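[1] take this sequence and fold it.
(one chain, ligands or ions: 2)
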Amino acid sequence: MRTAIILAAGQGTRMKSAMPKVMHRIAGRPMIRHLIAAGEPVFDRVIVVVGPGMPELEKAVAPHATVVQAERLGTGHAARMAAPLLDGFSGDVAVLYGDNPLITTATLERLVQGRASAGLALLAMRPADPAKYGRVVQGGSGAVERIVEWADASEAERAIGLCNAGVVCAAWADLSRWLAGLRNDNRQSEFYLTDVVAAAHAEGRRAVAVEAPEAELRGINSRVELAAAEAEVQSRLRAAAMLGGATLVQPESVTLSFDTKLGQDVVVDPHVVFAPGVTVEDDVAIRAFSHLEQCVVRRGAIIGPYARLRPGADVGEGAHVGNFVELKAAHLGAGAKANHLTYLGDVTVGAGANIGAGTITCNYDGVNKHRTEIGAGAFIGSDTALVAPVRVGARAVTAAGSVITEDVPDDALAIARGRQANKPGRGAKGKT
Ligand code: UD1
Ligand code: MG
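    Residues are numbered from 1 along each chain as shown. Ligands and ions are numbered 1, 2, ... in the order given. As a prediction, the model looks like this:
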């Protein structure tokens with residue numbers, strides 16, 4: 001049995017935000033959820049240490065347990081907060097930092113394997129700029145003796161290139177004892193989690209550093225670092241999408257979410273945004289500057305350029321959604337077309353129906369939302385306003401410029417517009 005304790009009690013002052021740091025999003029979900037997702041295959045249990053008054057964080061990590069660190073007395077103190085939940089636990093515990101969300105499952109697996117052959121294992125990296133990371137001090141044999149925080153380090157120690165990434169793993173029976181013995185007689189008067197390494201060494205236990213790339217172990221303390229983490233995750237997601245058989249014509253211009261699903265032979269043109277909850281089936285073309293969120297695009301459909309698919313859009317096989325068309329809770333049947341300048345909200349469109357340019361479903365009366373139904377093979381003339389609730393029958397036609405307030409039977413033609421009157425001689429010349 002293995003447990004992960006994730007420290008996330010800090011507000012993250014350098015983010016300059018009203019929101020807890022770990023709630024800031026990367027690829028469409030809070031950074032702490034990335035870390036939890038990486039840890040779930042490795043750990044049987046996750047406990048998150050939160051600060052006081054962070055209900056939204058507690059909700060974001062559910063169903064995992066949370067404990068509150070009332071006073072921010074350091075990372076070692078924060079880890080101790082989980083002790084009551086681990087009373088009598090005989091397995092291994094890893095302590096992770098919530099602001100270190102890019103760690104992969106593979107690296108966490110290497111960490112727990114490293115711990116199997118040592119009293120304690122920690123994750124370390126050799127960043128291009130070691131900056132203010134804690135430094136990993138090794139003895140002659142290469143074994144780790146202690147970690148020295150930047151604030152407490154001598155010049156010689158600051159010259160060490162191996163940095164602490166902030167993840168340690170040990171048997172809880174040992175770790176709990178080392179945590180209980182921590183002292184705060186250092187430059188920051190904090191209980192440092194990192195001091196458990198020296199405690200292990202003092203007991204003659206071997207500590208090993210498991211190294212991983214900086215790109216994975218970088219911490220996030222500011223919005224500049226948040227953007228760097230976003231870039232890292234985006235490049236991972238794009239690579240996975242391409243390796244899965246989707247073409248991204250200009251990958252770096254496409255924004256994906258953690259859960260975007262792109263089928264085989266999907267072609268995504270430049271500058272497309274996939275917000276969370278999008279599934280795109282095989283052979284779909286998504287043209288430039290389209291925005292998709294919580295929607296499904298079925299096989300062979302063509303989206304965009306400049307299309308907006310909002311939550312609940314379901315575009316049927318081979319359907320077309322063209323430029324400046326917005327869909328919300330809209331089901332388009334197979335082969336249906338809405339190619340230009342249209343709003344379709346709370347609507348079912350039958351297979352093969354054609355929605356003319358400028359069609360609007362008037363779905364909201366200021367108080368309630370109402371549905372529109374358009375039958376299979378119907379032809380909605382340009383600039384039709386469909387005042388919901390309303391139904392246009394199968395194969396029915398609405399004349400251009402109509403305001404449809406009553407149901408149209410199957411196969412009927414509905415004309416609902418002012419009649420044209422021609423006034424001879426009253427044209428431009430007639431006015432002068
Ligand atoms: C920590 C490490 C440092 C390492 C670096 C890697 C310590 C003492 N230092 O420094 O060696 O190189 O991470 O990124 O551990 N937290 C709490 N309660 C507290 C203090 C912190 O929950 O009382 C949480 C924070 O919310 C954060 C994490 O612990 O998620 C790390 O704290 P932070 O202040 O960012 O530590 P660093 O200074 O980055
Ligand atoms: Mg940090």
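[2] where along this protein do the helices fall?
    For the chain, the helices defined by DSSP state H occupy 31-39, 55-61, 75-80, 105-116, 155-158, 172-180, 196-202, 214-217, 223-243, 428-431.
[3] domains for the protein, by residue range?
    2-217, 223-414 (automatic domain parsing).
[4] those residues of the chain touching ligand 2, which are they?
    Residues of the chain lying near ligand 2 by C-beta under 5 Å from the ion: Asp99, Gly219. Quick note: C-beta positions are derived from backbone N, CA and C, even for glycine.
[5] ok, 8 Å please
    Applying C-beta under 8 Å from the ion, we find that the chain lies next to ligand 2 at Gly10, Tyr97, Asp99, Asn100, Gly166, Gly219, Ile220, Asn221.
[6] give me the nearest residue to the fifth one, chain neighbours excluded.
    Right, Gly166. Nearest in space to Gly166, with sequence neighbours left out and distances taken as C-beta to C-beta, 6 or more residues apart in numbering, is Tyr97 at 4.4 Å.
[7] now do the contacts for that neighbour.
    Ile6, Leu7, Ala8, Thr75, Gly166, Val167, Gly219 (C-beta atoms under 8 Å, 6 or more residues apart in numbering).
[8] just give the closest residue to the residue of the stretch 51-200 of the chain found nearest ligand 1, not the sequence neighbours.
    The minimum distance from the stretch 51-200 of the chain to ligand 1, using C-beta to the nearest ligand atom, falls at Gly134 (2.3 Å). Once flanking residues are discounted, Gly134 sits nearest to Asn164: 3.8 Å by C-beta to C-beta, 6+ apart.
[9] isn't that neighbour up against Val144?
    No. Asn164 is not in contact with Val144 according to C-beta atoms under 8 Å; the separation is 9.4 Å.
[10] between these two, which contacts overlap?
    Residues touching both Asn164 and Val144 by C-beta under 8 Å, 6+ apart: Leu122, Val136.
[11] can you count the residues close to the closest residue to ligand 2 within the chain?
    In the chain, the residue found nearest to ligand 2 is Gly219; the distance is 4.0 Å by C-beta to the ion. Residues near Gly219, counting by other C-beta atoms under 10 Å, number 15.
[12] now stretch 162-171: average pLDDT?
    Taken as a whole, stretch 162-171 has a mean pLDDT of 96.
[13] likewise stretch 102-111?
    Averaged across stretch 102-111, the pLDDT comes to 98.
[14] okay, buried residues for it please.
    Leu102, Ile103, Thr107, Leu108, Arg110, Leu111 (16 or more other C-beta atoms under 10 Å).
[15] which residues are in contact with the spatially closest residue to the fifth one that is not a sequence neighbour?
    Here the nearest residue to Arg110 in space, its sequence neighbours aside, is Val210; by C-beta to C-beta, 6+ apart that works out to 5.3 Å. The contact partners of Val210, taken as C-beta under 8 Å, 6+ apart, are Thr107, Arg110, Leu111, Gly114, Ala121, Leu122, Leu123, Ala124.
[16] surely Pro311 touches Glu293?
    Yes. With contact defined as C-beta under 8 Å, Pro311 counts as touching Glu293 (5.9 Å).
[17] overlap in contacts, the two.
    Shared contacts of Pro311 and Glu293, defined by C-beta under 8 Å, 6+ apart, comprise Gly277.
[18] so for the two, which sits in the more crowded spot?
    Counted by other C-beta under 10 Å, Pro311 and Glu293 do not tie: Glu293 has more neighbours, with 19 against 13.
[19] residues contacting the more buried one?
    By C-beta under 8 Å, 6+ apart, the contact list for Glu293 reads Phe274, Ala275, Pro276, Gly277, Val278, Leu309, Arg310, Pro311.
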